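Colleague: have a look at this prediction, sequence included:
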Protein chains: 2
Amino acid sequence: MAQTLRIVEIGKLKSACSSCSLSELCLPAGLSGKELQSVDRMVNRRRTIKRGDYLFRSGVALHALYALRTGFMKSSVLHEDGREQVAGFHMAGDLLGLDAIGGESHLCDAVALEDSDVCEIPLHELENLSREIPSLQSHFHRIMSREIARDHGVMLLLGSMRAEERLAVFLLNLSQRFAARGYSSNEFHLRMTREEIGSFLGLKLETVSRTLSHFQAEGLISVRNKHLRILKMDALKELVSHHGCNG
Amino acid sequence: MAQTLRIVEIGKLKSACSSCSLSELCLPAGLSGKELQSVDRMVNRRRTIKRGDYLFRSGVALHALYALRTGFMKSSVLHEDGREQVAGFHMAGDLLGLDAIGGESHLCDAVALEDSDVCEIPLHELENLSREIPSLQSHFHRIMSREIARDHGVMLLLGSMRAEERLAVFLLNLSQRFAARGYSSNEFHLRMTREEIGSFLGLKLETVSRTLSHFQAEGLISVRNKHLRILKMDALKELVSHHGCNG
DNA sequence: CGGGCATTTTGATGCAGATCAAGTCAAGGG
DNA sequence: CCCTTGACTTGATCTGCATCAAAATGCCCG
């Protein structure tokens, strides 16, 4: 009861895009004051997703796009026989639901890996508004395009890298994204399990664990449970570009 | 010289979207007569790409999006160390260059696997026009979204399927796309090499060849070089959904 | 039409990562 | 505080696909 009330209140809170610290990472990046106000009006609902809960599930109709405000989520595609493939991990500023625009219903699940807040962006209103604000339109296109480019990168990883390279790419990518949000680039908390990392990278959890241990033994990183520290950023980067040695 | 002339002439040909048999698969799907004329005016340049030539290369600035009119292409991402990952195969009606909108320059190569014709769609004009024509806008968004959803499907394939399943998914997908374009769904020509199939599926060419031979031995398909016939569509589909037997 | 090169097939062997199997560790609940 | 439970680590073994090798086939071009 108290719980429900709290959620409603949060939903009503006008913590506007114009005063949101993420606006430069998020949808309204690069908009002027006036334009920002229009976006504020469009994004009038917030939702809290508890750890382990779904933001949306595969098969459900698309209600809106979601901008992640705080927290951490994963999205995953599932095969009919139960296999799960994590398609991505999302942090503050990321836009979720982009794969559902094509068919009107979601094709993947989005699950909170820690308590998260999202802003709802009704697709039709976004399309209306982006007809009036060219810079919003082109930024929305940029966001979708970047998602396509990112996915191609993941395909490269899954299709042609060895386990060590995959893990290195994964860690470097996380590091970079934390840095872009003002967090440390060489020390952070892994919010996902080894199994989820494995699913994302096309590896089994044991392989993830072994490879992390191996990196640690080499002095590249230090891991203790979910706490991770990158000790030799350059060495990790070299690992990625050099293809081991079997060119 | 004669060559150059011929290309220029083709570039000038006004074989308009309004009279193009692909319009229902392509960008202008669902537009009215008047709207179609606006799109015609926007798409005023065609190009011919010879087999083996590049439509665009990674790193080059984005000039336009391209709608494939006739022919067959692949797009591939390359790793700095030379490894190539085929990101997709494209046939008539497909839109290429979507991953370059985000950063203004291409992130993958697009190569013709047979002589191909494309229509150039200047991105800025597309954005201008889609501010005037809502159905064009939403269809463009649908196209980008479908590309994201398709990529997620490929990630599922690369991350969690065995070689036989990958090949089966690949053949079924090709079959479906040929059917959508009015060609036979169970007999077609593979325009790419075994190596390119392998690169796309995250397998080596020998594995592709062996797996095809195996399918043939089982009576699921018949292959002779690049000519392929699907004999047991249902059995192929079962192969995909049943995860072999090691659930 | 025939030589040469690229593509494909097929076989033999090796290895990275999966699988199976214990055992350790941290967190939450009675 | 101990017990349970889920997450993680580590070791032993297995296997699917890669790699290496060589022969067969198709195709381009002179």
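Modeller: That came through fine.

Colleague: could you measure from the closest residue in space to A:Leu220 that isn't next to it in sequence over to DNA strand C?
Modeller: Ranked by Cβ to Cβ, 6 or more residues apart in numbering or on different chains and with sequence neighbours excluded, the top spatial neighbour of A:Leu220 is A:Lys232, at 4.9 Å. C-beta coordinates here come from the backbone N, C-alpha and C atoms, glycine included. Computed as Cβ to the nearest atom of the strand, to the nearest Å, the A:Lys232 to DNA strand C distance reads 20 Å.

Colleague: and what of A:Ser76?
Modeller: As judged by Cβ to the nearest atom of the strand, A:Ser76 and DNA strand C stand 17 Å apart.

Colleague: do A:Gly103 as well
Modeller: For A:Gly103 relative to DNA strand C (Cβ to the nearest atom of the strand), the value is 31 Å.

Colleague: in three-state terms, how would that residue be classified?
Modeller: Three-state assignment for A:Gly103 (DSSP: H, G, I helix; E, B strand; the rest coil): coil.

Colleague: just for chain A, where's the confidence low?
Modeller: For chain A, the stretches flagged by pLDDT under 70 are A:1-14, A:243-247.

Colleague: how about a cut-off of 90?
Modeller: For chain A, the stretches with pLDDT under 90 are A:1-16, A:18-19, A:44, A:80-83, A:103-104, A:241-247.

Colleague: need the strands for it, in chain order.
Modeller: Here chain A has its strands, by DSSP state E, at A:45-49, A:54-56, A:65-78, A:84-91, A:95-96, A:109-121, A:187-189, A:221-224, A:227-230.

Colleague: residues contacting the spatially most central residue of chain A?
Modeller: The C-alpha lying nearest the average C-alpha coordinate of chain A belongs to A:His90 (Cα atoms, centre = their mean; 1.4 Å). A:His90 makes contact with A:Leu68, A:Phe72, A:Met73, A:Lys74, A:Ser75, A:Leu96, A:Ala110, according to Cβ atoms under 8 Å, 6 or more residues apart in numbering or on different chains.

Colleague: the first one touches A:Ser116, doesn't it?
Modeller: Meaning A:Leu68. Yes: judged on Cβ atoms under 8 Å, A:Leu68 makes contact with A:Ser116 at a distance of 6.3 Å.

Colleague: A:Ile143 is nearest to which of the strands of chain A?
Modeller: Nearest to A:Ile143 among these is strand A:95-96; the distance by Cβ to Cβ comes to 5.6 Å.

Colleague: what's that closest one packed up against?
Modeller: Secondary-structure packing of strand A:95-96 (3 or more Cβ pairs under 8 Å, 6 or more residues apart in numbering or on different chains; DSSP states H and E): strand A:65-78, strand A:109-121.

Colleague: is the first one in proximity to chain B?
Modeller: Yes: part of strand A:65-78 sits close enough to chain B to count as contact by Cβ under 8 Å from any Cβ of the partner chain, namely A:Val77.

Colleague: before we move on, what about stretch A:133-146?
Modeller: Yes: under the criterion of Cβ under 8 Å from any Cβ, stretch A:133-146 makes contact with chain B via A:Pro134, A:Gln137, A:Ser138, A:His141, A:Arg142, A:Ile143, A:Met144, A:Ser145, A:Arg146.
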